[in-house]
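Visitor: What follows is a predicted structure for the sequence shown.
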Amino acid sequence: MTPAVIASVETMLEKWKGQEGKEIEVFHEFRLLTSEVISRTAFGSSYLEGEKVFAMLNKLSIIMSRNLYNTRIPLINKLWKPADMLESEELAKEIQYYVMKMVKKREDKVVNGEADSFGNDFLGLLINA
């Protein structure tokens, strides 16, 4: 996965070259770099392609951390669900939809002969298995 990491760093450095003499917010840039590396190594795509999934995952983690210490009564949750639970369920469905869309796209490419494998990133290895 080293080539994917190198490609991400090179993309970041090219972006920085256009900003010579200007201040760069390093925290933001490295957060983007981390997301880019995860996206390329896990899904074989750039961060910009998976930006919506990352935004949904971020929102889901905020909801989960907000409700980490809430006490739940099992029977009441079946009758009445809090807004956070409904929103987290909807986010989980959307995330699953986007990941399955990526899987289907790769399967279609292999079936149509456009690609000879599912890819060498994490998602491709999982699909192959």
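Guide: Now that the structure is in, tell me what you want to look at. None of these values were measured; they are calculated from a predicted model. Numbering: from 1, shown residues only.
Visitor: what domains does the record give for this structure?
Guide: Structural domains assigned to the chain are 1-47, 50-129, following automatic domain parsing.
Visitor: Can you lay out those as TSV showing mean neighbour count and mean pLDDT?
Guide: Every residue, glycine included, has its C-beta placed from N, CA and C. Shown next, in TSV, are the domains of the chain (neighbours: other Cβ atoms under 10 Å; pLDDT from 0 to 100):
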stretch	mean neighbour count	mean pLDDT
domain 1-47	14	86
domain 50-129	12	85
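Visitor: Name the residue closest to the centre of the chain, please.
Guide: Nearest to the geometric centre of the chain sits Phe54, at 4.2 Å (Cα atoms, centre = their mean).
Visitor: helix/strand/coil for the closest residue to that residue other than its chain neighbours?
Guide: Nearest non-adjacent residue to Phe54, counting by Cβ to Cβ, 6 or more residues apart in numbering: Ser35, 5.6 Å away. Following DSSP: H, G, I helix; E, B strand; the rest coil, the label given to Ser35 is helix.
Visitor: thought Ser35 was touching Ala55?
Guide: No: with contact defined as Cβ atoms under 8 Å, Ser35 does not count as touching Ala55 (10.2 Å).
Visitor: any shared contact partners between these two?
Guide: Shared contacts of Ser35 and Ala55 (Cβ atoms under 8 Å, 6 or more residues apart in numbering): none.
Visitor: State the helix or strand in which the residue located most distally from the centre of the chain lies.
Guide: Centroid-distance maximum for the chain: Leu75 at 33.4 Å, with Cα atoms, centre = their mean. Leu75 belongs to helix 74-79 when assigned by DSSP states H and E.
Visitor: Might you calculate how far that helix sits from the centre of the chain?
Guide: The chain centroid and the centroid of helix 74-79 are separated by 31 Å, computed with Cα atoms, centre = their mean, to the nearest Å.
Visitor: Against which helices or strands is it packed?
Guide: For helix 74-79, there is no helix or strand it packs on, judged by 3 or more Cβ pairs under 8 Å, 6 or more residues apart in numbering; DSSP states H and E.
Visitor: just checking, next helix/strand downstream of that helix?
Guide: Downstream of helix 74-79, the next assigned helix or strand under DSSP H and E is helix 83-111.
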